[in-house]
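K.L.:
Model the structure of this input:
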Amino acid sequence: SSYISWTFRKAPKFFSQATATVTGGTDATVSFSDLATLGMVAVKRTDSTGSWYVWHRSLTAGKLLYLEQTAAEATLGHITVSGTTVTLEGGVIANGDYIVYAWAHDTATDGLIQCGTFASGGTGQATISLGWEPQYILYKRTDSTGNWQILDTSRGWSMTASDAELLANTTAAENLTTYGNPTASGFFYDGLISANIVYLAIRRPNKPPTVGTQVYDSKLYTGAGTSPVTVSGISLVPDLVSNFARSSLQGAIWFDRLRGGSVNLEPRSTGAENANTSATATFDKMTTVTLTGGDVNSSGVSFINHFFKRAVGV
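P.N.:
Reported below is the predicted structural model:
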């Protein structure tokens, strides 16, 4: 089976967590002052069954969402937020032990996370400006029923290909959709018509590299013919693959994660991007790329892949 794991590091103006206990119907409060501005909070009872209560800065005042449900925002008094303090309301929320997850909202130039809202209108489309390119987004319709949808660039959220969507509120496997794409300054949404949607977006990596191996690697392989060839063990998460046949007269072919591996460009040509079955790349895992088609997988031909990771300062 294939799995995805998202890891949130506790860090100022990004993410934090805390435990709280509600006893005797008395309020329990948790402060997240290190986050500066709260963007979204999820609260779950840990010592017994219980719903996930979600507060988002863009919800209607006094309303919450359930993480495990498709329900629209509802008037619920289980948790309240004032500034950076989260209160578990005794007498409304059940007595018990709770975990509180909190994400920030940071609009600074170097900020890593934003929690906002948008309306899709009659076209079902919207362009959202963040000031940076995201690598992960969680979003949910609030004015009607709708799933909690997750897209990320590691599994496939590109400009042209179908996007690998997961639903936080179900056990379903990922589903291929075409709900939009990341942009250099935010993301484009193309989905539900006339919907109000809240989101949590996380910036793509922006730490300058300190050594070349953090942004470049290369791998040799021999073409397998009709069977796809998987190139694994790459020392980075590649954004660009430059494929070159070493023992035949096939020129270089470039694939990139942002546009998706179903299209490619040829640096020796002035032609537009190609979309054909003779050369495709699947950025299917963090450090794995699968290549299919005769131009990149001819039987017995020796190939080299140069892998590049995007980073500031290079």
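K.L.:
Give me the distance between the nearest residue to Ser144 once chain neighbours are set aside and Tyr66.
P.N.:
Excluding the flanking residues, the one nearest Ser144 by Cβ to Cβ, 6 or more residues apart in numbering is Ala72, at 5.2 Å. For glycine as for every other residue, the C-beta is placed from the backbone atoms N, C-alpha and C. Here Ala72 is placed at a distance of 10 Å from Tyr66 (Cβ to Cβ, to the nearest Å).
K.L.:
And Ser278, by the same measure?
P.N.:
Applying Cβ to Cβ, the value for Ser278 to Tyr66 is 48 Å.
K.L.:
The two: who's more crowded?
P.N.:
Legend: neighbour count by other Cβ atoms under 10 Å for Ser278 and Tyr66, higher for Tyr66 (18 against 15).
K.L.:
residues contacting that one?
P.N.:
Applying Cβ atoms under 8 Å, 6 or more residues apart in numbering, one finds that Tyr66 lies in contact with Ser51, Trp52, Tyr53, Val54, Ala74.
K.L.:
Now do the second one: how many residues are near it, please.
P.N.:
Same thing as Trp52. With other Cβ under 10 Å as criterion, Trp52 counts 18.
K.L.:
same thing with the third one?
P.N.:
A total of 23 residues lie near Tyr53 under the criterion other Cβ under 10 Å.
K.L.:
Which helix or strand lies directly C-terminal to the worst-scoring helix or strand of the chain on mean pLDDT?
P.N.:
In the chain, the helix or strand scored least confidently by mean pLDDT, DSSP states H and E is strand 280-285, which has a mean of 79. Once strand 280-285 ends, the next helix or strand along the chain (criterion: DSSP states H and E) is strand 288-292.
K.L.:
and that following strand, which strands flank it?
P.N.:
Strand 288-292 pairs in its sheet with strand 229-231 (antiparallel), strand 280-285 (antiparallel), by DSSP bridges.
K.L.:
contacting residues around it?
P.N.:
With Cβ under 8 Å, 6+ apart, strand 288-292 has contacts from 228-232, 234, 238, 241, 243, 255, 261, 277, 279-284, 297, 303, 305, 307.
K.L.:
next one: stretch 216-227
P.N.:
The contact list for stretch 216-227 (Cβ under 8 Å, 6+ apart) reads 229, 231, 233-236, 238, 246, 296-309.
K.L.:
Now stretch 181-198: buried residues?
P.N.:
By neighbour count with 16 or more other Cβ atoms under 10 Å, stretch 181-198 contains the buried residues Asn181, Pro182, Thr183, Gly186, Phe187, Tyr189, Gly191, Leu192, Ala195, Asn196, Ile197, Val198.
K.L.:
Strands along the stretch 101-250 of the chain, start to end?
P.N.:
For the stretch 101-250 of the chain, the strands defined by DSSP state E, counting those that start in this stretch cover 113-119, 125-129, 134-141, 148-152, 163-167, 175-177, 180-183, 186-190, 196-203, 216-222, 229-231, 240-245.
K.L.:
Isn't Gly186 up against Ala126?
P.N.:
No - the criterion here is Cβ atoms under 8 Å, and Gly186 misses it with Ala126 at 9.9 Å.
K.L.:
quick one on the thing from earlier: can you pick out the most distant pair from the contacts of Tyr66?
P.N.:
Spatial extent of those (Cβ to Cβ) is set by the pair Trp52 and Ala74 at 13.2 Å.
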